[in-house]
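Peer 1: I would like to see how this sequence folds:
(chains A and B)
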Amino acid sequence: MVKKIKNKNKNKDKNLKIFPYDSLKSYLRKFYQRTDKRNYIAFLKLAPQDILTNGMDFIFENPNYKKYLGEPFPKSLIELENNTTIYRATKLSGEIKWSAHYLVKYAEKLNQYIELKNKFEINMAKGDFNLAEKNLELIEQRFGYSLWLIEHKLYLLQKSKGIRAQKEYFKRICEDSNEDFIINILADHISAKNEPNYKMNSFRENLIDFVDRLPLNYGDYLIFKLDFFQIKKSENFDFILYHELRSSLIDGYEAMVKILLYLASNNEKIDLVEKTTKILKCIEDKKIKKLYNSLKKENVYIKNQKSDKIIKNFDLYESGNYDKSVELSEQLLLDNILQGEIYETYLISLIKSNNLIMERDGVLFEALKICKSLISSEGPLKENYDQIQKILSINSSFSWSYVIKSISKRFYEKHHINNSDFFLSQINMEFFNLKELSHLNSSPILDDIYNFLIEEYKDSLTLNLIENFNSFNKEGILKLNIPKERKIRYLSEIYFLEKKYDQVIKHLDEYLDKFDIYSYNMVISCYIKSLINVGEIKQGLECLVNAYFNYRNSYPNLPLNDISIREIKREDDLVKEIIFPITMSLCDKYNNENLEFELYISYEQYLLNNGEEKPTNLVEKMIDSKIDKRYIIYFLEEICIISIMSKSIFFGSNFELIDERIKILEKLIEINSKSSEKYVKEIYSLKESKNLKQTRNKLDRSKIYINEEGLKERMISKLEPTFERYKNLKNDDNDTNDNQKYISIPIEGDSEETLYLVESNKKNLFTNMIGEIREVFTFDDKQGLDNCLSTEIRHGRIVNVLRKKFENYDLITKKDENDKYLLNNYWIDKYSLLQPYILKQFSTILEKFSKTIDHYMNYIKDDLIQIRTEKVNINGLFDYLIYLEELKKWEEESINMTKAEDFIEYILACFIKKTKENLLTVRLELKNQIKNEFICFLGELFSDLEKLLPKDQNHYLSDIKNKVLECKIEVQNEIDNIAKWFEFNEKIEMNDYSFNQILGLVMETIKNCSSTEIKINLNPKEILYFKGWSSRGIFTILFNLLYNAVQHSNLKKINCNIKIEKLEHDILLIIENDFDDKKNKLENTILEWNEKLCKKDILNVNKEGGSGLFKIKNILTNELSLKNQILLKIRNKKYFSVNIKIERRILS
Amino acid sequence: MKNILIIEDDEDKYENLKNYLNLNYKNIKITWKASYNSGLREILKKTNDLIILDMSLPIYDISVDELNSGTIPFAGIDILKQNKRFLIDIPVVVITQFETFGTALEKVTLKELKNKLEELKNDCYKKLIYYSSSSNSWELELDKICKELEIK
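Peer 2: Predicted structure coming up:
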């Protein structure tokens, strides 16, 4: 399994895990192949309560029925996923009721489990990993295997023994479960999530990407299991609960608790939740009891010593006794670390009293430390928040995670927090957090509890404060014994709620600068919004922007979600100000919605209102107008970026955008020299990508290369004596009737074309010379056009470039060893829930499509991109048939030429002209006929897919249909691009280039041609620069070498070491890659190749397939005219290397 | 003579649209632009009477965009926003052949796209038409719009 995953991880984040298709298929098959002996159980799932209760009793009394429920405590991993075979209820209520009745049958066992789980939770939170390990061992002994156990064992091993132990356990799980689909996928993702350096954001992106390939209910199931806090809908809870209970009783119970909490917190199916918690009441789970009592509005709180201490702690904090509050908080936490109501007070008291959090190893302390940094706006907030998200995701079955989630969200994503978060936090606390509860006073569930607490703790400072605050009693607040700074804060907040914005401004104007960072964060939003509400929009935004630049980490507290973009846009004066685009940028960056377009408008309005269309024109004016330098830097750095500027009509191409961005960065270096390294890096990267693209375009346009001088030389050496003989031959005096002197021979396979041969000696000789010249021009091993077509276009290029377009959308597959197309598992698995016979049709459609595309692409390569003469390639688009009229014309025009050189030059020019006409034909053929053929193939595929399902179900296949359409556009564009390969350019000036540059280009091309992953290790001692004229040849050589590596290594992923160095007279290039020489074929042929490569004349350069090494030799010797030496080596039967020595004069 | 601007990056779809329009309306002149940038520049000339707009477009024409920076999934929406900004009052019909848009992270269905377009509150936006080369329903819908605009 591990190996399988590693091999398939191409082009993706290293942690992206690959779907074990076969496991899924067998897994799904089980669903559909079940025989039907469980109708009674299925009926019970939909039955009323009394029937269900009796029915469950009946089942438990009858082993013949009970056996269908499976093993509640699986003894092995195999048992875990092959447990019950009962049917799923068609409704969530049925599944929940059934499951609750089933679970309470094991109440005693569950109570034992909950007790052990609580101990485990506490030990993990405190960092007592040895004790936690013992807890987990006991859970395994008593309750067997569960997905919960696997998840938490991976977690514990990571924490206590590190990644190796965790990964070893993961490997064992995979092996012991027979690579079961669900167990593997879950363990794989959980194991990855536990890796210390794996970011939560990446995990989520990869999970969504992965889930997108699954049937919907499986997608939701995986998110529920792997990232519970990201669950946004209850749609597939029935499937999830059913699935979990099938695994084990423990998993069923854990899922049930999470489902009930989710439903209650989102006010969904409250009746069902209430009834279910009532059934489950006999289970000693605090959460379930608290939930039940809250729903029933029963007295959930008993005043006792513990609660008194908690209230005392709140009061200490409110009265400003922060040190004492810290002291008491720590006492309470050491007594019971799961008292979540203490966390927030503890953290804020630490901040206010400048104290450090107590030193402990546990996960909870790690979470608390991060929360502290979020509250006090310290450190890298985004990274910290990502880290806390990861901790929460891993610990989502523990109570404290809900509390921490609420705190972290309140201080980092306050606009995302909702009643559901507060509710869950309260339900998962031992007691209640009064302040948080006050946020929830509109909750129908917890209203009564709040009122009850107010009654019980009349004298509490905290409750008094909350009461006064909630009733807007400003006098009451002023009388309270709390620090003045806090009084001002609360009063300002009340004035704000009363919409007395002038009062807010008045109070805060005086005190804002005196606040500590925590209090400042609490009120800054009120202050800015008040300024905006009284019409001081400019001042409000200035304050916002200033707050951002003064306290960069305070941005979660700025009212970026509350600012009305529409209102701001109406302010004519504002659009001239730099704070306008900056505000928009901050809103875009930290707002809920994507405001990129609004940001672009603000950017452009700002420029236009200052009389400019492009940013660089405005920079000097900005500096002169004494705008805060930080604002100018932000504007240039973060707003004048390519993605924003690209929406402007004042730039006509990406190259223009890049040039503008480079100029902006150059200005930034002047203005902000301390960050110059960053800017230089960006400039380098932009220039590099621009240069690469320009070089690529030039190379693409110089594929058709005719070495006129070389050809002339070859032709002269071959034809000079013949030409002399021809000149000395007398004209035939009877040459009066042209038609008699030419013999007509019909061309094979083409009834309309005729080859003309001449009868007379002189004319015969002339025709022979033309034939010879044509032979050299087209098929000469060293300089011929076909050599160029073969090396530059046919060999590994045209077919692969086109094929990759289809492969990118998974629309075609490759052939196996038996020449049969592989199943298109990507789409087959995606649509695995289709009826089997439809799935078969679907697969056949895709197989047919692969066949069609390959057949046509091979036709392009083998038939169309070929040189046509009277003897070969009747479909070839490079038409070098010689026609009678041409012969006559050439003869007439060359009749007075006395030198062979002049004659050859003339005929060569005629063939070059012919080549230009042929190239035009090829371009037209590509843009019309070939493009249309591909459009038709894709159109047929689309229509076949549409016919596969009835119209009302057709949307089910929308993903693949979309891909067909996207592919159609890309293929059309690619063909236009390929058409550019067939342009004739007399001479394209190429700039000198570095080896790294050309290698980058080659790698880009390889990626476009092959799906084999290639990792390059290039460690040059120095960067070597080459002369421009060699770029085409060196590109092709490197392409051939690396293409060979990916094509013939027999590996899915290869490592390639490239070494290039200057020797005294030469350059030495060594390219070494690993390979799998299954049949020792390569080792046997290498000697033979080395021998051939030493020879002067190389044959077979026009043949496609094979290694392409002779083409390389040919390029070095004939195109680049460089002395060279090529040596192939094999090291340890595992590494193949090509060593090339070439003259140093190629270097610039 | 009515000027119709087609902003469409799929040449095949453009050809079908053009052929349909040329076959059914005599007094029209069609201009084709294949990207957000070239389409917007053409719109700003204010010489067109109807815009037929695709939803997903590249920023620049592939022929000038030598960097080939890919397609923007909702470029059509950006164009409609620009129209509103520049007070362009040319009727716009969005014709798309896709059933969903965006990435796995932010997938938008045809129905949701319709809502998005309506939320723009742009009076020039007339209709979202689903195009399929295997059905003529798009022709009927487009015909209705053309008749409303007195294109003959």
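Peer 1: what is the neighbour count of residue A:854?
Peer 2: 18 (other CB atoms under 10 Å in any protein chain shown). For glycine as for every other residue, the C-beta is placed from the backbone atoms N, C-alpha and C.
Peer 1: should've said residue A:159
Peer 2: 20.
Peer 1: right, and it touches residue A:363 too?
Peer 2: Yes: assessed by CB atoms under 8 Å, residue A:159 is found in contact with residue A:363 at 6.9 Å.
Peer 1: joint contacts of the two?
Peer 2: Jointly contacting residue A:159 and residue A:363 under the rule CB atoms under 8 Å, 6 or more residues apart in numbering or on different chains are residue A:124.
Peer 1: remind me, longest helix of chain B?
Peer 2: helix B:11-24 (DSSP state H).
Peer 1: which positions within the next helix or strand after that helix qualify as buried?
Peer 2: Going down the chain from helix B:11-24, the next helix or strand is strand B:28-33, by DSSP states H and E. Going by neighbour count (16 or more other CB atoms under 10 Å in any protein chain shown), the buried part of strand B:28-33 is B:28, B:30, B:32, B:33.
Peer 1: pairing partners for strand B:28-33, with directions?
Peer 2: strand B:2-7 (parallel) (DSSP bridges).
Peer 1: for the partner strand, the distance to its chain's centre please.
Peer 2: 9 Å (CA atoms, centre = their mean, to the nearest Å).
Peer 1: how big is the angle separating that strand from helix B:11-24?
Peer 2: In terms of direction (axes from the mean of the first three to the mean of the last three CA atoms, to 10 degrees), strand B:2-7 departs from helix B:11-24 by 170 degrees.
Peer 1: does stretch B:121-137 reach chain A?
Peer 2: Yes: against chain A, stretch B:121-137 shows contacts by CB under 8 Å from any CB of the partner chain at B:132, B:133, B:134.
Peer 1: do I have it right that the second one meets residue B:16?
Peer 2: Yes: because the distance of 6.3 Å satisfies CB under 8 Å, residue B:133 is recorded as touching residue B:16.
Peer 1: please enumerate the strands of chain A.
Peer 2: Using DSSP state E, the strands assigned to chain A run over residues A:742-747, A:750-758, A:867-868, A:878-879, A:993-994, A:1013-1018, A:1025-1026, A:1053-1062, A:1066-1074, A:1124-1131, A:1135-1143.
Peer 1: next one: chain B
Peer 2: Applying DSSP E to chain B gives strands spanning B:2-7, B:28-33, B:50-53, B:57-58, B:71-72, B:92-96, B:100-101, B:108-109, B:125-130.
Peer 1: winner for burial among the ones you listed?
Peer 2: Ranked by mean neighbour count, the strands of chain B are led by strand B:50-53 with a mean of 26 (mean count of other CB atoms under 10 Å in any protein chain shown).
Peer 1: pull up the pairing partners for that one, direction included.
Peer 2: strand B:2-7 (parallel), strand B:92-96 (parallel).
Peer 1: on that earlier part again, what's next to the longest helix of chain B, contact-wise?
Peer 2: By CB under 8 Å, 6+ apart, helix B:11-24 touches A:931, A:935, A:968, A:972, B:4, B:6, B:8, B:28, B:30, B:32, B:34, B:52, B:54, B:95, B:97, B:131, B:133, B:139, B:142-143, B:146.
Peer 1: run the last query once more with 6 Å
Peer 2: A:935, A:972, B:6, B:8, B:30, B:32, B:139 (CB atoms under 6 Å, 6 or more residues apart in numbering or on different chains).
Peer 1: again, but for stretch A:325-344
Peer 2: Contacts for stretch A:325-344 (CB under 6 Å, 6+ apart): A:122, A:125-126, A:310, A:313, A:316-317, A:346, A:349-350, A:353, A:355, A:358, A:399-400, A:403, A:407, A:429-431, A:433.
Peer 1: kindly report the same for stretch A:676-686.
Peer 2: Stretch A:676-686 has contacts (CB under 6 Å, 6+ apart) with A:658, A:662, A:665, A:668, A:669.
Peer 1: in it, which residues are buried?
Peer 2: A:679, A:682, A:683, A:686.
Peer 1: deepest-packed of the strands of chain A, please.
Peer 2: Greatest average neighbour count among the strands of chain A goes to strand A:867-868 (a mean of 22), per mean count of other CB under 10 Å.
Peer 1: now the strands of chain B as a markdown table including distance to residue A:849?
Peer 2: As requested, those are arranged in a markdown table below (distance: least, CB to CB, whole Å):
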| stretch | distance to residue A:849 |
| --- | --- |
| strand B:2-7 | 29 |
| strand B:28-33 | 29 |
| strand B:50-53 | 30 |
| strand B:57-58 | 26 |
| strand B:71-72 | 23 |
| strand B:92-96 | 23 |
| strand B:100-101 | 21 |
| strand B:108-109 | 26 |
| strand B:125-130 | 24 |
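Peer 1: can I get the ones you listed in JSON lines including mean pLDDT?
Peer 2: Output for the strands of chain B, formatted as JSON lines (pLDDT from 0 to 100):
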{"stretch": "strand B:2-7", "mean pLDDT": "96"}
{"stretch": "strand B:28-33", "mean pLDDT": "96"}
{"stretch": "strand B:50-53", "mean pLDDT": "97"}
{"stretch": "strand B:57-58", "mean pLDDT": "92"}
{"stretch": "strand B:71-72", "mean pLDDT": "83"}
{"stretch": "strand B:92-96", "mean pLDDT": "96"}
{"stretch": "strand B:100-101", "mean pLDDT": "82"}
{"stretch": "strand B:108-109", "mean pLDDT": "84"}
{"stretch": "strand B:125-130", "mean pLDDT": "95"}
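Peer 1: lovely, talk soon.
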